[in-house]
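[1] Generate coordinates for the sequence data below:
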Amino acid sequence: MEITWYGLSCFRLTERGSAPIVTDPFDASTGLGALRAKGDIVTVSHYAPGHGAAASVNGQRYVLDRPGEYEIGGVFITGIATYNAVSPDSSRLNTVFVYEIGGVQVCHIGDFDHVPDQSQVEAAGAIDVLLIPVGGGRALSSSAASEVISVIEPRIVIPMHYAQPGLQLNLDPLDRFMKEMGGIVVEPQSSLKVTRNSLPEDTQVVILESVN
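    The predicted structure follows:
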């Protein structure tokens, strides 16, 4: 499976023989420009300019924006109902999506903003790759993100939703999260290719460059 980051909380997940997935597509009002991503399946954690622009994804055939269990194009997807504590009542709902692709469990946590309870951790199951916000705003801060990682214990962590050039949202820089993770230095890469057999034993942080 290959994971590519387009900026903010938007990723493309692809595996040979499976339908490509685009997560939380953003619109141009974010300052990141028009999204240039193509996928059959679009998942939306919640509707906001930086997360719910499903129409901007080329080729989209299925839009998943609520909890449930889905099997589409060789991919198993579970949507888990959660909430965002600091958002207004009308936008508190947040769907965490777990994708089973090529034997690898990937979790996109959306705009989650607090440490999950035991029932939420159990609902997600064992997570291999965690896509997690680290820049604050209405989502996890860097310190809260590190605590969530210690609770979920994924094999790979890919940070998202942090300050980027041009982004019109007031988010913390990635460096703050890296300090929370012990000051580790990670060389950014254009995408991540991962298989069941290539997963590390201990939690590893992977930094992706935005391709949009």
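
[2] any weak-confidence spans in this protein?
    85-91 (pLDDT under 70).

[3] buried residues in stretch 133-145?
    Residues of stretch 133-145 classed as buried: 133-142, 144-145 (neighbour count, 16 or more other CB atoms under 10 Å). For the C-beta atoms, the positions are set from N, CA and C on the backbone; glycine is no exception.

[4] Quick one: residues in contact with it.
    9, 84, 86-87, 109-115, 132, 148, 159-163, 169-174, 176-177, 179-180 (CB atoms under 8 Å, 6 or more residues apart in numbering).

[5] now swap in stretch 61-68 and tell me
    Contacts for stretch 61-68 (CB under 8 Å, 6+ apart): 19, 40-44, 47, 52, 54, 70, 72, 77-81, 95, 97.

[6] With respect to A126, which of the buried residues of stretch 133-145 is nearest?
    A145 (19.2 Å; CB to CB).

[7] Where does K179 sit: helix, strand or coil?
    Following DSSP: H, G, I helix; E, B strand; the rest coil, we place K179 in the helix state.

[8] excluding its backbone neighbours, what's nearest it?
    Distance criterion CB to CB, 6 or more residues apart in numbering; nearest residue to K179, sequence neighbours excluded, is S142 at 7.5 Å.

[9] now swap in V134 and tell me
    In this structure, V134 finds its nearest non-sequential neighbour in F177, 3.9 Å apart by CB to CB, 6+ apart.

[10] count of residues packed around the one you found?
    Using other CB atoms under 10 Å, F177 has 26 other residues around it.

[11] just checking, it touches P159?
    Yes - between F177 and P159 there is a contact at 5.6 Å, judged by CB atoms under 8 Å.

[12] Could you check how far the residue nearest to K179 is from P67?
    S142 sits 28 Å away from P67, going by CB to CB, to the nearest Å.

[13] Identify the residues contacting the closest residue in space to S29 that isn't next to it in sequence.
    Spatial nearest neighbour of S29, chain neighbours left out: P49 (4.8 Å); criterion: CB to CB, 6+ apart. Residues near P49 by CB under 8 Å, 6+ apart: 26-27, 29-30.

[14] Check for me that R176 belongs to a helix.
    Yes - counting by three-state DSSP, R176 falls inside a helix.

[15] Which residues are in contact with the nearest residue to E69 once chain neighbours are set aside?
    Once flanking residues are discounted, E69 sits nearest to T78: 5.4 Å by CB to CB, 6+ apart. Going by CB under 8 Å, 6+ apart, T78 touches 68-70, 97-98, 123-124.

[16] Provide the secondary structure category for G166.
    coil.
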